[in-house]
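Undergrad: Okay, sequence plus prediction incoming.
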Amino acid sequence: MTSTRRHYPAGLWAALIFCATLVAYAPVYRAGFVWNDEDYVTRPALNSLSGLGRIWFEIGATQQYYPALHSAFWVEHHLWGDAPLGYHLANVLLHAAAACLFALVLRRLAIPGAWFGGFVFALHPICAESVGWISEQKNTLSAVFYLLSVLYYLRFDEQRGQVSEIDAGRRGINFRDLTPYLIATGFFLLAILSKSVVATLPAALLVILWWRRGRLSWRDAAPLLPWFGAAAADGALTAWFERHFLGAVGSDFTLNLAQRTLLAGRIVWFYLGKILWPADLVFIYPRWDIPAAPLWEYAYPLAALAGLLGLWLIRDRARGPLAAALFFVGSLFPTLGFLSVFGFLFSYVADHWVYLPALGVIAFVSAGWGRWARRGLTPFVSAACLLAVLGSLTWRQSRSFSDVETLYRSILDRNPAAWMAHNNLGIVLRETGRTQEAIAHYEEVFRLRPEFPEAHNNLGDAFVDQGNFAAAEAQYREALRLNPLYVEARLNLGNLLRDSGRNEQAVAEYGEALRIQPDSAEGHNNLGIAEARSGKLLEASAEFHEALRLKPGYAEAHYNLALVFRKTGDVQGAIGEYLAALAINPALLDARNNLGIAFARIGHLQEAIAQFEEVIRRKPDNAEGHYNLAIVLRAMKRGADADAEFREAARLRSRPAH
């Protein structure tokens, strides 16, 4: 007895994938920004049209040269500003779109279980890091472009196959036949300009073509040669960025070829295990000690090579397993350890690095399920149960991204030796006023990684908060002993010296910082403050202008330049700079108070009152705001109101400090 199977339209399956994905990732809709999201969400200096141009044409304007990604963030920032919900929702929708496109690619390749594969990718918890972390929109966006490129390239390849080489020669070049190729090329370029790891796409297409035909010819490879060229150029640029901008250099990245081979073998099996059994997922996994690894661990790469060899030997009977394995390992290549990646500093593996390679494994599993599903109802019940489990695991995993403190605490719950999480949690605790807790985490960093200069710098900041300036200076100097090129620590030491009256020593530290990093806007701003304190107002003004040239949206530099104008008696110039600072950062209360004073000096008393009232609205216990308001009110003959403000200012100033 034969059974008939109903075929549902693709649109219905796609809608179900979107609905399931939106439900599985519900926790992120209440989430905020986490680790280094501020490096990707568009900064004020890049918000304008000229900023968009800088994204595309100025190397270093963004943390990594991913102009397509940062253009997307630029558009999103103009849609919903700094509201995290918009970015999270965009990431979820991009992931759902990628899952649907993956299913369409599998359908085009006539792989059974195509829509099941789309659901698995949409709901697999190993993708939660890429979807819940706003910074990893580079994964979801590049995957959409990647899969669109695959679809159009397959259409181009199929059209070529319908015309023999002889017929093609007679007809000449038909640009209509090239349209899918040109579209595919455009999407490929957008993909590598969103994230460079998708540069493996031309090699992946060759694997797909080999799987379809059982052989490869020059005719298969020739259209992809420009793609390989673009991929190589993008890979070289990314490697340069990793070394010169992100800091993927030093002893932590020094492994010999044998050790890198061992690392690659461990990475392959680790990711395969996490895809097939997604338990104990964590944002920062324990970092393996590769140089100290016992000899038996070389079984990892040997087993991987043996597995590939075995699949090669059975290729005449079944090419699918080898094609899936080649796609998986090939797509992993940029993060297998043969190239230095900054993230290797704290872990050799991360869930977001397997987002794209996982498609190979999921495609293979889906094909097996699709063949099994033809036998009856049981496979569909099993699939529903599996998807429900995956969705619930994703829902639980995505809760880790609710806020930055939750993220770091979830890491430490599963990996207490994650020194980077201790360091970053310390920063969060200090910023929220829990300085003593922050110090405890920095001390834990020293236990786990004694020579980590950033932790010494951060501990110095915590000691400054506590007023322990001698201890802070010792920590800054220790950070500089470990890394003499550490500009942030040198600037912090300069600030400490400046504020403790050692202005000339501070100037020397700022000068050294600018020698190391001439384009440091913070360095020029801080040097300007020191010059102003020495009475060198022209030199200070020049430094503030240079800071603003390097960082146009630098509110503090506008404020400091206003102070120079005020000291030289240029009240109108000061007002202009205060207004510029407040346009960028309305919460700069010192700038607002000073702006009110400047308005009062030129007789604009109503404007002055408006500024002081805004200070009080934003911070009711600001004694200076109440006092300044009282003076202006008295000048306007509003004695009763002025007396009330004087009394409030006196009350606030008499309160004991906390």
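TA: Received it, and whenever you're ready, just let me know what you need.

Undergrad: So for this protein, the centremost residue is which one?
TA: Taking Cα atoms, centre = their mean, the centroid of the chain lies closest to Ser135, which sits 3.0 Å from it.

Undergrad: show me what contacts that residue?
TA: Trp35, Asn36, Asp37, Asp39, Tyr40 (Cβ atoms under 8 Å, 6 or more residues apart in numbering). Using the backbone N, CA and C atoms, a C-beta is placed for each residue, glycine as well.

Undergrad: For the nearest residue to the third one once chain neighbours are set aside, give its distance to Leu123.
TA: Distances taken as Cβ to Cβ, 6 or more residues apart in numbering place Ile134 nearest to Asp37, at 4.6 Å, with adjacent residues excluded. Between Ile134 and Leu123 the computed distance is 20 Å (Cβ to Cβ, to the nearest Å).

Undergrad: Check Arg638 too.
TA: The value you get for Arg638 to Leu123, if Cβ to Cβ is used, is 66 Å.

Undergrad: Can you show me the helices along the stretch 151-300 of the chain?
TA: Applying DSSP state H, counting those that start in this stretch to the stretch 151-300 of the chain gives helices spanning 165-171, 175-192, 201-213, 218-221, 225-244, 257-276, 299-313.

Undergrad: Out of those helices, flag the one nearest Ser398.
TA: Closest of the helices of the stretch 151-300 of the chain to Ser398 is helix 257-276, at 16.2 Å (criterion: Cβ to Cβ).

Undergrad: Mind splitting the protein into its structural domains?
TA: 10-41+82-248+258-404, 582-658 (automatic domain parsing).

Undergrad: which of those sits most buried?
TA: Per-stretch averages of neighbours, counted by mean count of other Cβ atoms under 10 Å, single out domain 10-41+82-248+258-404 among the domains of the chain, with a mean of 18.

Undergrad: Centre of the chain to that domain, how far?
TA: Between the centre of domain 10-41+82-248+258-404 and the centre of its chain there are 18 Å (Cα atoms, centre = their mean, to the nearest Å).

Undergrad: Where does pLDDT dip in this structure?
TA: 1-7, 161-176, 241-252, 375-378, 655-658 (pLDDT under 70).

Undergrad: Are there helices or strands packed against the one helix or strand Asn593 maps to, and which ones?
TA: Element membership of Asn593, judged by DSSP states H and E, is helix 589-601. Counting contacts by 3 or more Cβ pairs under 8 Å, 6 or more residues apart in numbering; DSSP states H and E, helix 589-601 packs against helix 555-567, helix 571-584, helix 605-618, helix 623-635.

Undergrad: From the contact counts, what lies against the third one?
TA: Right, helix 605-618. helix 589-601, helix 623-635.

Undergrad: re the thing from before, export the helix holding Asn593 as CSV, just CAs?
TA: Provided in CSV are the C-alpha atoms of helix 589-601 (Å, rounded to 0.1, in the frame of the first residue of the first chain):
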residue,chain,number,x,y,z
LEU,A,589,26.3,69.0,33.0
ASP,A,590,29.5,70.9,33.5
ALA,A,591,29.2,72.2,29.9
ARG,A,592,25.6,73.1,30.5
ASN,A,593,26.4,75.0,33.7
ASN,A,594,29.3,76.8,32.0
LEU,A,595,27.1,77.7,29.0
GLY,A,596,24.5,79.2,31.4
ILE,A,597,27.3,81.3,33.0
ALA,A,598,28.5,82.4,29.5
PHE,A,599,24.9,83.4,28.5
ALA,A,600,24.6,85.4,31.8
ARG,A,601,27.8,87.3,31.1
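
Undergrad: And the contacts of it?
TA: 555, 558-559, 562-563, 566, 571, 574-575, 578-579, 581-582, 605, 607-612, 614-615, 618-619, 622, 624-625, 628-629, 631-632, 635.

Undergrad: Now do that helix and helix 623-635, the angle between them.
TA: 10 degrees (axes from the mean of the first three to the mean of the last three Cα atoms, to 10 degrees).

Undergrad: Could you dump the helices and strands packed on helix 605-618 into TSV and include distance to Gly273?
TA: As requested, the helices and strands packed on helix 605-618 are exported to TSV (distance: least, Cβ to Cβ, whole Å):
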stretch	distance to Gly273
helix 589-601	54
helix 623-635	60
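
Undergrad: among the ones you listed, which is nearest Ile55?
TA: For Ile55, the closest of the helices and strands packed on helix 605-618 is helix 589-601, at 28.6 Å, according to Cβ to Cβ.

Undergrad: burial count for Ala581?
TA: If you count neighbours by other Cβ atoms under 10 Å, Ala581 ends up with 25.

Undergrad: what about Tyr554, distance to Asp590?
TA: Taken as Cβ to Cβ, the span from Tyr554 to Asp590 is 15 Å.

Undergrad: Sorry, slip of the keys, the one I care about is Leu336.
TA: Look at Leu336 and Asp590: by Cβ to Cβ, they are 51 Å apart.

Undergrad: Glu504 now?
TA: 26 Å.

Undergrad: Surely Ala540 is in contact with Asn526?
TA: No - look at Ala540 against Asn526 with Cβ atoms under 8 Å: they stay out of range, at 10.8 Å.
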